[in-house]
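Engineer: Coordinates for the following, if possible.
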Amino acid sequence: MLNITISILCYVLTSFYSLQYQHSNGSTVNMSSYQGKKVLLVNIATNSPRVNQLAGLQQLQQQYGDSLVVIAFPSNSFGNESRTDAEISQYCHSNYNTSFLIAAKGAVTGSNPLQVYNWLSKSTENGDMNLVIGADFQKILIAKDGSIQGVFSPKVDPMSDEIRTAIETSY
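Structural biologist: Alright, predicted model coming up:
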C-alpha cells in the first residue's frame, strides 16, 4: 500500500486597503481612504542623485490627481536621507512645490520595513511578487483594485511615457 501525503499551502493575502502608514505630520493614514483610485508609491531621499524626480512626481499628481494618489515614502535605506520628517516636507515644498502626500521617514528594506514595503516584499501578502527595493525612487503603481499594476526602475522618470501609459491603461 502506498501512502501519499499531500501538503496544501494556504496563504492569507493581505489587502492593500487594510494597510496603514504614518503621514509626515504624525497622523495615521489608512490606505482604504484611497479605494477606487490608483496609487503610486515612491521611496524618496532628498540627498539622492535622483531628487529632481520630485518635480515629475508633482507633475503626475497634478495631471492625474482625479484618479491617482502619489505617496512619497522618505527613507534612509540607501544612505541618502539625513533630514527629519519636518525637514523633508519643508525641502519638498520649498524646492519642488509638492502637494503629493509625504509619509513619515522609515525603512523600505531590511528586517523591519514600513508596513507597506513589507507587503510589497512578500508574495504571500500581496499575492503577486516578492519585490526587492534596490534604490531610492523606485516606483510602484497600485491599481484601483489594490493589486500591484507596475514596478518601475529608479532610473525611469516619473513623466516617462512608460509610467504615464501604465497610469492611463491600468484598471
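Engineer: if I look at the one residue sitting closest to the centre of the chain, how far off is Val70?
Structural biologist: Ranked by distance to the mean C-alpha position of the chain (Cα atoms, centre = their mean), the top residue is Leu41 at 2.2 Å. Separation of Leu41 from Val70 (Cβ to Cβ, to the nearest Å): 8 Å. All C-beta atoms are positioned from the backbone trio N, CA, C, and that covers glycine.
Engineer: Which positions in stretch 94-105 come out as buried?
Structural biologist: For stretch 94-105, burial by neighbour count (16 or more other Cβ atoms under 10 Å) applies to 96, 98, 100-105.
Engineer: Endpoints of that stretch, how far apart?
Structural biologist: Length of stretch 94-105, first residue to last, Cα to Cα, to the nearest Å: 18 Å.
Engineer: Report the residue spans of the protein with pLDDT below the cut-off.
Structural biologist: For the chain, applying pLDDT under 70 flags the ranges 1-12.
Engineer: Which residue ranges of it form strands?
Structural biologist: 20-22, 28-30, 38-44, 68-74, 101-102, 139-142, 148-152 (DSSP state E).
Engineer: need the contact list for the spatially closest residue to Gln138 that is not a sequence neighbour.
Structural biologist: Excluding its sequence neighbours, the residue lying closest to Gln138 (Cβ to Cβ, 6 or more residues apart in numbering) is Pro154, at 5.0 Å. The contact partners of Pro154, by Cβ atoms under 8 Å, 6 or more residues apart in numbering, come to 50, 134-139.
Engineer: about what we covered before: was I right to think the residue nearest to the centre of the chain contacts Gln149?
Structural biologist: No. With contacts counted by Cβ atoms under 8 Å, Leu41 stays clear of Gln149, the gap being 11.0 Å.
Engineer: any residues in contact with both of these two?
Structural biologist: Joint contacts of Leu41 and Gln149 (Cβ under 8 Å, 6+ apart) are Ile142.
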